[in-house]
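Asker: what's the 3D shape of this:
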Amino acid sequence: MAVTESVAEGAHGGARAVHEGILRRQSARESAARTYARALPIVPVRARGLTIEGADGRRYLDCLSGAGTLALGHNHPVVLEAIRRVLESGAPLSVLDLATPVKDAFTTELFRTLPPGLADRARVQFCGPAGTDAVEAAFKLVRAATGRTGMLAFTGAYHGMTSGALAASGGAGDVRVARLPYPQDYRCPFGVGGPSGAELAARWTESLLDDPKSGVPLPAGMILEPVQGEGGVIPAPDDWLRRMRQITADRSVPLIADEIQTGVGRTGAFWGVGHSGVTPDVMVLSKAIGGSLPLAVVVYRDDLDVWQPGAHAGTFRGNQLAMAAGTATLAHVRENGLAERAATLGSRMLSQLCELQTEFPCVGDVRGRGLMIGVELVDPEGEGTGPGETPGAGDHHVTMSGLEPTRTPRPADPELAAVVQRECLDRGLIVELGGRHDSVVRLLPPLTISDEQAAAVLDRLADAVAAAARHQQDRSRRQGRQDGPAQGAG
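Answerer: Purely as a prediction, here's the structure:
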């Protein structure tokens, strides 16, 4: 027995050494711009479905899913088989923009899923391999089609890391895009939330476009996310989204739907715009459409197709393995009703997570749509204007058409959210942080997650929140002791 235990300990120690060595070399060699690797010090070596195994032998439930890329989880059999068929066929792996049977099958399956009114008159542009490339292409497209240059985007938006996409995202430093308020309940920019807040946001948009002295000329297009992901998992109200469609249509402004993260069943509809019944003029797609491999496209109405040959290109726009994997993923999601499954399971998970709000004051809000879920961590003792908090929001009645305020949002607590993320990792659960101050714990599990796995995810998250709440209480007591003598001296 002692010999067996000694061998096991030696094997574990060796695995641990490999794990730590790889992380150490990554830290020494890779760019300071790396992100996920800082908060998630793991070394994945095997993965299947929801589960990842690290080089140290530990197993994790992955609710990051490649930032939403893995609609079917890791190494799904239908994806692996599609890739294997291409490899064994001897087909070329990269073909620029030449026609191939693989591309034809992908385009046919993609068009089969598009919103009504777009599929029968759509064009598709294959871009570089990342979603941000598709956003850049969409901007170039609508500028060429309209002859205008300006763009409309929304506070809290995230559209990618290239120059034009960053300019339309919430963290832009050099503002070249007009910003509009994105409606939300917990931190409503008007302090009212609900349908009233969404109505005010719509009126603001109309005023900006129709006021000749607004300083915003008629734009080339409007880009929006059906659910803001990096912005904090904020679903767009369906009525508001329909208003945006009407406002843009009435003024001949192309509406661009960024479905990079919301697409392929993630929100409980095949495309996020499906909840509202909206048909956009342009859709930018990436992540899940490649079945875990790099692929990005722009799909748009045929009358916008004014480009000259070569107006937009990209060396890796002919990724055959990604197209094959994408075709298999799109078909599997469609044929097996995984979007509907995401809606049902996501609703159940949200209901159970809402119970955390009543148990832990540090849980300020729980929100999401389908299997795109966010839990915002706050400082329950904070008052006044905290990070991301609207001054005075919810503290009094708003004397504007008799509108009532939402509940008072507490200051965001990014430190606590980071604690929750670490506690989750200690319990074998991988989650992402997002939101304005990285105070929102995000869940993006694969659409194939089982009921039993979902229960395990919620149990581990609840345990992590409980541990973080104790950490917050300890922090408050320490701060109280530090403040006490100073207050007494005063």
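Asker: for the chain, what are the low-confidence residue spans?
Answerer: Applying pLDDT under 70 to the chain picks out residues 1-12, 171-175, 383-407, 480-490.
Asker: Could you check the helix or strand Arg48 falls within and say which residues are buried?
Answerer: Using DSSP states H and E, the secondary-structure element containing Arg48 is strand 44-48. Under the neighbour-count criterion of 16 or more other CB atoms under 10 Å, strand 44-48 has Ala47 buried. Using the backbone N, CA and C atoms, a C-beta is placed for each residue, glycine as well.
Asker: Parallel or antiparallel, list what pairs with it.
Answerer: Here strand 44-48 has these sheet partners by DSSP bridges: strand 51-54 (antiparallel).
Asker: moving C-terminal of the host helix or strand of Gly21, what's the next helix or strand?
Answerer: Mapping Gly21 onto the secondary structure by DSSP H and E places it in helix 2-29. Sequence order places helix 36-39 as the next helix or strand after helix 2-29, per DSSP H and E.
Asker: Give me the helices and strands touching that following helix, please.
Answerer: With contacts defined as 3 or more CB pairs under 8 Å, 6 or more residues apart in numbering; DSSP states H and E, the secondary structure elements packing on helix 36-39 are helix 414-426.
Asker: Distance from the chain centre to the helix it packs on, please.
Answerer: Relative to its parent chain, helix 414-426 has a centroid offset of 19 Å by CA atoms, centre = their mean, to the nearest Å.
Asker: tell me which strands and helices the helix or strand just after that helix is in contact with?
Answerer: Next along the chain after helix 414-426, taking DSSP H and E as the criterion, comes strand 429-430. The criterion is 3+ CB pairs under 8 Å, 6+ apart, and the helices and strands that strand 429-430 contacts are strand 59-62, helix 451-489.
Asker: outside of strand 429-430, which residues touch it?
Answerer: Taking contacts as CB atoms under 8 Å, 6 or more residues apart in numbering, the residues outside strand 429-430 that touch it are 40, 42, 52, 60-64, 424, 457, 460-461, 464.
Asker: Give me the distance from it to the chain's centre.
Answerer: A distance of 17 Å separates the C-alpha centroid of strand 429-430 from that of its chain, computed with CA atoms, centre = their mean.
Asker: Give the next helix or strand downstream of it.
Answerer: Toward the C-terminal end, the helix or strand that comes next after strand 429-430 (DSSP H and E) is strand 432-434.
Asker: Pairing partners for that next one, with directions?
Answerer: When pairing is defined by DSSP bridges, strand 432-434 lines up against strand 440-443 (antiparallel).
Asker: Angles on the backbone of Pro189, please.
Answerer: Pro189 adopts backbone torsions of phi -60, psi -20, taken as degrees, to the nearest 10.
Asker: try Pro235
Answerer: Backbone dihedrals for Pro235, given as degrees, to the nearest 10, come out at phi -70, psi 140.
Asker: Please apply the same query to Val375.
Answerer: The phi and psi torsions at Val375 (degrees, to the nearest 10) take the values phi -120, psi 110.
Asker: Touching, it and Gly435? I think so.
Answerer: No - no contact is recorded between Val375 and Gly435 when judged using CB atoms under 8 Å, the distance being 9.9 Å.
Asker: Centre-most residue in this protein?
Answerer: Computing the C-alpha centroid of the chain and ranking residues by CA atoms, centre = their mean puts Gly229 first, at 3.2 Å.
Asker: Surely that residue and Tyr158 touch.
Answerer: Yes - the pair Gly229 and Tyr158 passes the contact test of CB under 8 Å, sitting 6.6 Å apart.
Asker: contact partners of the strand holding Arg48?
Answerer: Applying CB under 8 Å, 6+ apart, the set of residues contacting strand 44-48 from outside is 52-55, 62, 73-75.
Asker: likewise stretch 457-469?
Answerer: Here stretch 457-469 makes contact (CB under 8 Å, 6+ apart) with 61, 63, 349, 352-353, 356, 360, 362-363, 375, 377, 416, 419-421, 423-424, 426-429, 431, 441, 443, 445, 449.
Asker: before we move on, back to that, want to try JSON lines for the contacts of strand 429-430, with distance to Leu166 and neighbour count as columns?
Answerer: Listed next are the contacts of strand 429-430 as JSON lines, based on distance: CB to CB, whole Å; neighbours: other CB atoms under 10 Å:
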{"residue": "Leu40", "distance to Leu166": "24", "neighbour count": "18"}
{"residue": "Ile42", "distance to Leu166": "28", "neighbour count": "19"}
{"residue": "Ile52", "distance to Leu166": "30", "neighbour count": "22"}
{"residue": "Tyr60", "distance to Leu166": "31", "neighbour count": "22"}
{"residue": "Leu61", "distance to Leu166": "32", "neighbour count": "22"}
{"residue": "Asp62", "distance to Leu166": "28", "neighbour count": "26"}
{"residue": "Cys63", "distance to Leu166": "27", "neighbour count": "25"}
{"residue": "Leu64", "distance to Leu166": "22", "neighbour count": "20"}
{"residue": "Cys424", "distance to Leu166": "29", "neighbour count": "26"}
{"residue": "Val457", "distance to Leu166": "32", "neighbour count": "23"}
{"residue": "Arg460", "distance to Leu166": "34", "neighbour count": "21"}
{"residue": "Leu461", "distance to Leu166": "31", "neighbour count": "26"}
{"residue": "Ala464", "distance to Leu166": "32", "neighbour count": "22"}
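Asker: Return the closest of these with respect to Glu88.
Answerer: Distance to Glu88, by CB to CB, is smallest for Ile52 among the contacts of strand 429-430, at 27.3 Å.
Asker: who does that closest one bridge with?
Answerer: Listed by DSSP bridges, the beta-bridge partners for Ile52 are Ala47, Tyr60.
Asker: now Phe126
Answerer: Here Phe126 sits in beta bridges with Val297, as judged by DSSP bridges.
Asker: thought it was touching Thr315?
Answerer: No - here Phe126 does not reach Thr315: they are 11.2 Å apart, not a contact under CB under 8 Å.
Asker: More neighbours: which of the two?
Answerer: A count of neighbours by other CB atoms under 10 Å puts Phe126 above the other of Phe126 and Thr315, at 25 against 9.
Asker: all helices of the stretch 251-400 of the chain, in order?
Answerer: For the stretch 251-400 of the chain, the helices defined by DSSP state H, counting those that start in this stretch cover 320-335, 338-359.
Asker: Check which residues of the last one are buried.
Answerer: When you say that, I think you mean helix 338-359. The neighbour-count criterion (16+ other CB under 10 Å) identifies 338-339, 341-343, 345-346, 349-350, 352-353, 356 as the buried residues of helix 338-359.
Asker: Which single one of those residues is nearest to Thr149?
Answerer: Distance ranking of those against Thr149, using CB to CB, places Ala339 first at 36.4 Å.
Asker: which residues does the nearest residue in space to Pro280 that is not next to it in sequence contact?
Answerer: Computed as CB to CB, 6 or more residues apart in numbering, the closest residue to Pro280 that is not its neighbour in sequence is Ala257, at 3.9 Å. If you count contacts by CB under 8 Å, 6+ apart, Ala257 has them with 223-226, 271-273, 278, 280, 282-284.
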